[in-house]
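Take this sequence and fold it.
(chains A, B, C, D, E and F)
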Number of protein chains: 4
Amino acid sequence: MAKRRSPQQVREALFEAGARLFAERGLAATNSNQIARAAGVGVGSFYRHFEDKHALADALHEDWTHILRLRSQEAAQAADGLEAQVRALVEVAVDLVEEHPDRFRVVSAHPPRRPALRLSLRPVEKRLAELEVQGELAPGVDPAVAAKAFEAMQAGVLAWWREDPSRATREAVIETLVALHPALAGRARASVR
Amino acid sequence: MAKRRSPQQVREALFEAGARLFAERGLAATNSNQIARAAGVGVGSFYRHFEDKHALADALHEDWTHILRLRSQEAAQAADGLEAQVRALVEVAVDLVEEHPDRFRVVSAHPPRRPALRLSLRPVEKRLAELEVQGELAPGVDPAVAAKAFEAMQAGVLAWWREDPSRATREAVIETLVALHPALAGRARASVR
Amino acid sequence: MAKRRSPQQVREALFEAGARLFAERGLAATNSNQIARAAGVGVGSFYRHFEDKHALADALHEDWTHILRLRSQEAAQAADGLEAQVRALVEVAVDLVEEHPDRFRVVSAHPPRRPALRLSLRPVEKRLAELEVQGELAPGVDPAVAAKAFEAMQAGVLAWWREDPSRATREAVIETLVALHPALAGRARASVR
Amino acid sequence: MAKRRSPQQVREALFEAGARLFAERGLAATNSNQIARAAGVGVGSFYRHFEDKHALADALHEDWTHILRLRSQEAAQAADGLEAQVRALVEVAVDLVEEHPDRFRVVSAHPPRRPALRLSLRPVEKRLAELEVQGELAPGVDPAVAAKAFEAMQAGVLAWWREDPSRATREAVIETLVALHPALAGRARASVR
DNA sequence: AATGAATGAGATTTCATTCAT
DNA sequence: TATGAATGAAATCTCATTCAT
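Residues are numbered from 1 along each chain as shown, chains lettered A, B, ... in the order given. Predicted coordinates:
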């Protein structure tokens, strides 16, 4: 008989199976039995590990957010200069999306039940507010609105790109997102002075 | 006894009830019987007007897209100059969102089954391509990516704003979206020359 | 095709089927599908009429209590004298048990979820309190306790008797319950004076 | 680390946990895993000690019946005179209920699967039959019916009282049960002679 | 045409029991 | 011997759809 998998492995298998099925057919069209079968475990095991399929989706969100936050912090510290930092953050996101396309698809298509699982807009908003004080922000740009704008733009563009990667090159995606980042949109003027 | 309604009125009632329920609890958590009851008609009548709840959701998308396209064309023709045009288009979207918050919520939270029901990115993409040829586009900005970026940013910001209108003033939302519009993000440099 | 039954008839069929199955195998060993099948309707119909099987059990309680109250009031008014009244009430209960043995079995074996569905002890308690004031109650007898005692004794004896009717004659059951009724247990002494 | 318990101690822990959970939420709403967890042992251990939760419930019945029988025999021998004997038996029951309210709740709410586990009515019935022969039983009272009547009345009153102890004093409960005992209900007349 | 009770396939969820560790 | 994760049969419950009225 096959070696019994550890609870951790079973959870991981459910996690992967859930990500794949949710990505393929959506949350609504997937049921817990399908996930269990795809993970190679019994139905009951699904419920030992997750309250229901929404809890699994939440876990996918949490995991995604966690990894993205960790890598973003690392990348921001390593980069030098505003534009380099922005580019580094965008690259982190693009890398993660290419690394785990299924998970990104799920995270991107299904809002989490608890907004707490969304990546906080706070850090970006604070950074933009500092730039505003220093007169480095384009006129009319509100830090809070701009922070949300960038988050939505990045998520939207990445989802659109992954849906059909022939729509744009990886370079074009990155450079466009960098160029449109609120912290840099006003830069042009400054650099000309 | 309630006045007998015309088929057109019944359809309208189902449309409104669907928009309200989808907005309140989401597409997945709403069923056709609930919509019929909320609209004050029998379940059977629901199926006379819509194939199923997804068809109603599609109709909401189609309707939204249609109105937005009409108003946008009008506004674009009336405005003079690039910035005025962009601002006019953003204002049209903001007005529509404020006019029909429920419908916007549905359209914004649930992607249409047929992408054909989404507003085309083509016009914006073409306009940006023209600017690029004229050297008026910020360097690094890809027209196709930027068109999607703006659509996502506008939709994301408006959804975030309507979720809690105290997050920003209407002015801040409009001005930020205008300032971050790809066609204008490069403008700063140009105007300084 | 068979004539469609009215909702009332369907509910009645479920009621009867539930009473029978609960009586035969108990509440825990009966499921809603079995009740529906036994009633000759689909599963969904069960849930249209009752929230779940416990709600059906509650309805059986309510119905039983309602009928017993009505008949008891009638009987009490028709009877003359304390002993005649007590005997009339006991006979009403015995008659009902013989009329609907299944329902009695259910009511007797499964306490209702909401105690409100139990027959109130209040009327008996009040009557006993009056007798106490008049010195007609045996010494040591507390009206509230005695009211409960009689209710429990009657229910217990009837359940025991119906379980195996050869255990006692109907007469013996009635006469014993009458003789042990708290209002009469003290009578012996009084009548001898 | 917890001290390793002996099999006997584990069984005792399961017994107590089962009594508590059955009393709190009922037999149907409790499962073996819950009992094991509450007892601080693994699920597997539950099945080493009891076939299933019903077997545990049966053991509670058996235990209760056993203790009650022992104490009743002792009390009956120690008491002098019919009334004293009856009072002694009632007190034994009341004491036991107060000592183990949880177990009483279980025993009282759930009939045993095998009736053999119920306390036999035979001794009381025989005693009443003797009194009948001696002309000491109230007219109309059937020994078998009366034996069951008393058992039901005592169980019912005690359950009702423990459900809300403010309903009556311990004294009132005892005295009422004694006064209504079939062997004494007829006494009034006799004692007056 | 309109109604809404009825339907049953299927999704969700529980839990007694097993068995590898 | 004790453990508790795993299991899957079975119960509960939902809801899109039908169809007699």
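
Just the helices from chain A, written as ranges.
A:7-25, A:32-39, A:43-49, A:53-78, A:82-99, A:101-109, A:122-133, A:143-163, A:170-180, A:182-185, A:187-192 (DSSP state H).

what's around the closest residue to A:Asp102 other than its chain neighbours, how many residues?
Closest residue in space to A:Asp102, ignoring its immediate chain neighbours: A:Ala23 at 4.0 Å, by CB to CB, 6 or more residues apart in numbering or on different chains. From N, CA and C alone the C-beta is placed, and that goes for glycine too. Neighbours of A:Ala23 under the rule other CB atoms under 10 Å in any protein chain shown: 21.

The helices of chain A: which one's closest to C:Pro7?
Among the helices of chain A, the nearest to C:Pro7 by CB to CB is helix A:32-39 (34.1 Å).

neighbouring contacts of that closest one?
Helix A:32-39 has contacts (CB atoms under 8 Å, 6 or more residues apart in numbering or on different chains) with A:10, A:13-14, A:16-18, A:20-21, A:42-43, A:45-47, A:52-53, A:56.

what's the average pLDDT for that helix?
Mean pLDDT, computed over helix A:32-39, is 97.

And DNA strand E, is it touching that?
Yes: for helix A:32-39 and DNA strand E, the contact criterion (CB under 7 Å from any atom of the strand) is met by A:32-33.

Show me which positions of stretch A:157-175 end up buried.
Under the neighbour-count criterion of 16 or more other CB atoms under 10 Å in any protein chain shown, stretch A:157-175 has A:157-162, A:167-168, A:172-175 buried.

Quick check: pLDDT value at the closest residue in space to A:Leu27 that isn't next to it in sequence.
Closest residue to A:Leu27 apart from its sequence neighbours, by CB to CB, 6+ apart: A:His110 at 5.2 Å. At A:His110, the predicted lDDT confidence score is 92.

For A:His110, which residues are in contact?
A:22, A:26-27, A:57.

now swap in A:Ala75 and tell me
By CB under 8 Å, 6+ apart, A:Ala75 lies in contact with A:85, A:88-89, A:91-92.

Using CSV, lay out the contacts of A:His110 together with distance to B:Ala183 and pLDDT.
Output for the contacts of A:His110, formatted as CSV (distance: CB to CB, whole Å; pLDDT from 0 to 100):
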residue, distance to B:Ala183, pLDDT
A:Phe22, 36, 97
A:Gly26, 34, 94
A:Leu27, 36, 96
A:Ala57, 37, 97
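
how about the residues you listed, which pair is most distant?
Most distant of these, by CB to CB, are A:Gly26 and A:Ala57, 10.6 Å apart.

what about the two, which has more around it?
More crowded of A:Gly26 and A:Ala57, by other CB under 10 Å: A:Ala57, with 24 against 15.

show me what contacts that one?
By CB under 8 Å, 6+ apart, the contact set of A:Ala57 is A:18, A:22, A:27, A:106, A:110, A:112-113.

ditto for A:Leu56
So A:Leu56 contacts A:14-15, A:18, A:35, A:50 (CB under 8 Å, 6+ apart).

mind redoing it with 6 Å?
A:18, A:50 (CB atoms under 6 Å, 6 or more residues apart in numbering or on different chains).

which of the helices of chain A is buried the deepest?
Comparing these by mean neighbour count (mean count of other CB atoms under 10 Å in any protein chain shown), helix A:182-185 ranks first with a mean of 25.

What is the nearest of the contacts of A:Ala57 to chain B?
Chain B lies nearest to A:Leu27 out of the contacts of A:Ala57, by CB to the nearest CB, at 7.7 Å.

ok, that closest one to chain D distance?
30 Å (CB to the nearest CB, to the nearest Å).

Same check on A:Ala183?
Counting by CB to the nearest CB, the gap between A:Ala183 and chain D amounts to 54 Å.

Please apply the same query to A:Glu171.
56 Å.

So for A:Leu14, what's the nearest residue that isn't a sequence neighbour?
A:Ala39 (4.6 Å).

do stretch A:19-28 and DNA strand E meet at all?
No: Stretch A:19-28 lies out of reach of DNA strand E by CB under 7 Å from any atom of the strand, never closer than 8.4 Å.

so which residue of chain A comes closest to chain D?
A:Arg48 (11.3 Å).

about what we covered before: ok, and which of the contacts of A:Ala57 reach DNA strand F?
Among the contacts of A:Ala57, proximity to DNA strand F is found for none (CB under 7 Å from any atom of the strand).

ok so, going back, ok, of the contacts of A:His110, which one's closest to DNA strand E?
Nearest to DNA strand E among these, counting by CB to the nearest atom of the strand, is A:Leu27 at 8.9 Å.

Could you pull up phi and psi at the closest one?
A:Leu27 adopts backbone torsions of phi -60, psi -50, taken as degrees, to the nearest 10.

ok so, going back, could the contacts of A:His110 go into a markdown table alongside distance to B:Val145?
Below are these laid out as a markdown table (distance: CB to CB, whole Å):
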| residue | distance to B:Val145 |
| --- | --- |
| A:Phe22 | 26 |
| A:Gly26 | 25 |
| A:Leu27 | 27 |
| A:Ala57 | 28 |
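
of all the residues you listed, which comes closest to A:Val97?
A:Phe22 (15.6 Å).

Would you mind confirming that the closest one is in contact with A:Phe104?
No: with contact defined as CB atoms under 6 Å, A:Phe22 does not count as touching A:Phe104 (11.2 Å).

Report pLDDT for whatever residue of chain A ends up closest to DNA strand F.
Ranked by CB to the nearest atom of the strand, the top residue of chain A for proximity to DNA strand F is A:Gly44, at 1.7 Å. Note on A:Gly44: pLDDT of 96.

What separation do you get for it and B:Gln9?
50 Å (CB to CB, to the nearest Å).

returning to what we had before: what two of the buried residues of stretch A:157-175 are the furthest from one another?
A:Ala159 and A:Glu175 (18.2 Å).

what about stretch A:134-146, near chain B?
Yes: Stretch A:134-146 is in contact with chain B by CB under 6 Å from any CB of the partner chain, via A:138, A:140-142, A:144-146.
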